[in-house]
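Undergrad: Just a sequence and a predicted model for now, questions to come.
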Amino acid sequence: MTAKTSPKTYHVKSFGCQMNVYDGERMGELMAAQGLTATDDANAADLVVLNTCHIREKATEKVYSDIGRIRKVQRAEGRDPMIAVAGCVAQAEGEEIAHRAKVDIVVGPQAYHNLPDLVELATRGQLGIDTDMPVLSKFGALPARRRVGPTAFLTVQEGCDKFCTYCVVPYTRGAEISRPWDALVDEAKALVDAGAKEITLLGQNVNAWSDGEQDLGALIRELDRIPGLARIRYTTSHPNDMTQGLIDAHRDVEKLMPFLHLPVQSGNDRVLKAMNRSHSRDSYLRILDRVRAARPDIALSGDFIVGFPGETEAEFADTLSLIDAVGYAQAFSFKYSPRPGTPAADMDGQIAAEVMDDRLQRLQAALNRDQAAFNAATVGRTCDVLIERRGKLPGQMLGKSPWLQSVHLMTAAQIGEIVEVEIARADPNSLSGIGTTRAAA
């Protein structure tokens, strides 16, 4: 490899889930602590970090495409950037990425705290590679949290022990590990001190968090005591880990927003068993009944996979009927995508692409119908909106309702303020509101 000039600027591009966004922010803080300056332009950065996701089939090819594009643009202008591939593709592909794409650094999601050392290796012409999976050591090595916006992510749990047959996460993120109670409380306080009004707790199975004695509900109650923290959210959850303590927190903790993302994936029990999901259709619906009993105004979100190997039209119809029964406020839906090394990739009955396309369109039509209905039902209601950023129009601001809906409004309120808003109009993917003359308490 050719030695690279020590970088002075950096750009981090994160793909995929909120945990990758959190990891990307932390890598940025690491680089800033080394004296590097952030830039929004990957084509101008001395160090480009591609923080990758491996959930979808074409994720790896997209990484190679981005590497080629960035390198072509920069070299046309006489620059030779240092390129790092981080995240789950780095973990899965390892040294193969360096051989194929000639990148300078390959670092997995559990080792990115070593990024400064890997940058130093690259400046000496050596490949910087680290795909070890130590238990939580990265968090102790990361710098203190810097200035953040009104919303912030906090990873509380990593890894997965569920081994769903379609999923690579247990192989790229490792076993389920919970961060210590004190470390999480301290980081949450630091985020609030840095400007956060809302914290979203993150984990591959965030509601699996436990310190051996207390569950996520207890941790939420502790964060509720932090002065200045106005809102708490968490994602992504697993039905198997919805403890009664967590459900009770939805009833008791005012700062815990009335929104639950609880992936189901399918509405058919045979398909769920083939996916190695530990819940049934009935047990999932009973969980939702308990949550709604605790917090009647809660908005529900979910994940769905269509075209899992062997899925029949009748089994797909069970998923549509589950959607009808629940009435999701939001949801994510995907065509099944075989991932190398997962059991489902070798299953018989792989579904034709055109069949998956048709099913996805019908499923999304049902989900869009319910989301539009949920949004329409909020018209005329008054709720608190946390202002997150400026809109495209003069005087327009954008924020989030308690139910995670995007809200546009004309207001003199500033970013980070929580204002009381009357919802005046509902569009398919957002709301428009009228701010009152006072800030929300």
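TA: That came through, no problem.
Undergrad: Enumerate every residue touching the nearest residue to Gly349 once chain neighbours are set aside.
TA: The shortest distance from Gly349 to any non-neighbouring residue, by C-beta to C-beta, 6 or more residues apart in numbering, is to Gly310 (3.6 Å). All C-beta spots, glycine's among them, are computed from the backbone N, C-alpha and C. Counting by C-beta atoms under 8 Å, 6 or more residues apart in numbering, Gly310 touches Val271, Ala274, Met347, Asp348, Gly349.
Undergrad: surely the second one meets Thr165?
TA: Yes: the pair Ala274 / Thr165 is scored as a contact, 6.7 Å apart, by C-beta atoms under 8 Å.
Undergrad: Output the contacting helices and strands for the longest helix along the chain.
TA: Counting by DSSP state H, the longest helix found in the chain is helix 353-377. Counting contacts by 3 or more C-beta pairs under 8 Å, 6 or more residues apart in numbering; DSSP states H and E, helix 353-377 packs against strand 299-306, helix 313-326, strand 330-335, strand 418-426.
Undergrad: Tyr336 against Val306, yeah?
TA: Yes: applying C-beta under 8 Å, one finds Tyr336 in contact with Val306, separated by 6.8 Å.
Undergrad: joint contacts of those two?
TA: By C-beta under 8 Å, 6+ apart, the residues touching both Tyr336 and Val306 are Met356.
Undergrad: neighbour-wise, which of these two wins?
TA: Taking other C-beta atoms under 10 Å, Tyr336 and Val306 do not tie; Val306 has more neighbours (25 against 22).
Undergrad: list the contacts for the nearest residue to the more buried one once chain neighbours are set aside?
TA: Closest residue to Val306 apart from its sequence neighbours, by C-beta to C-beta, 6+ apart: Arg359 at 4.2 Å. Shown in contact with Arg359 (C-beta under 8 Å, 6+ apart): Val306, Gly307, Phe316.
Undergrad: switch the cut-off to 10 Å
TA: 304, 306-307, 311, 313, 316-317, 319-320, 333, 335-336, 351 (C-beta atoms under 10 Å, 6 or more residues apart in numbering).
Undergrad: what do you get for Ala152?
TA: 22, 25, 145, 187-188, 190-192, 194-200, 229.
Undergrad: Tell me which helix or strand it sits in.
TA: Counting by DSSP states H and E, the element that carries Ala152 is strand 151-155.
Undergrad: That strand pairs with which strands?
TA: Using DSSP bridges, the strands paired with strand 151-155 are strand 198-202 (parallel).
Undergrad: can you state the direction angle for the strand it pairs with and strand 418-426?
TA: 80 degrees (axes from the mean of the first three to the mean of the last three C-alpha atoms, to 10 degrees).
Undergrad: Centre of the chain to strand 198-202, how far?
TA: Relative to the chain's own centre, strand 198-202 is displaced by 10 Å; criterion: C-alpha atoms, centre = their mean, to the nearest Å.
Undergrad: again, but for stretch 383-403
TA: 21 Å.
Undergrad: Likewise for stretch 122-138?
TA: The answer for stretch 122-138 is 24 Å, by C-alpha atoms, centre = their mean.
Undergrad: In it, which of the residues would be classed as buried?
TA: By 16 or more other C-beta atoms under 10 Å, the buried positions in stretch 122-138 come out as Ala122, Leu127, Gly128, Ile129, Asp130, Thr131, Met133, Lys138.
Undergrad: With secondary structure and pLDDT as extra columns, can I get these in JSON lines?
TA: Formatted as JSON lines, the buried residues of stretch 122-138 follow (DSSP: H, G, I helix; E, B strand; the rest coil; pLDDT from 0 to 100):
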{"residue": "Ala122", "secondary structure": "helix", "pLDDT": "91"}
{"residue": "Leu127", "secondary structure": "coil", "pLDDT": "90"}
{"residue": "Gly128", "secondary structure": "strand", "pLDDT": "89"}
{"residue": "Ile129", "secondary structure": "strand", "pLDDT": "92"}
{"residue": "Asp130", "secondary structure": "strand", "pLDDT": "87"}
{"residue": "Thr131", "secondary structure": "coil", "pLDDT": "82"}
{"residue": "Met133", "secondary structure": "coil", "pLDDT": "71"}
{"residue": "Lys138", "secondary structure": "helix", "pLDDT": "67"}
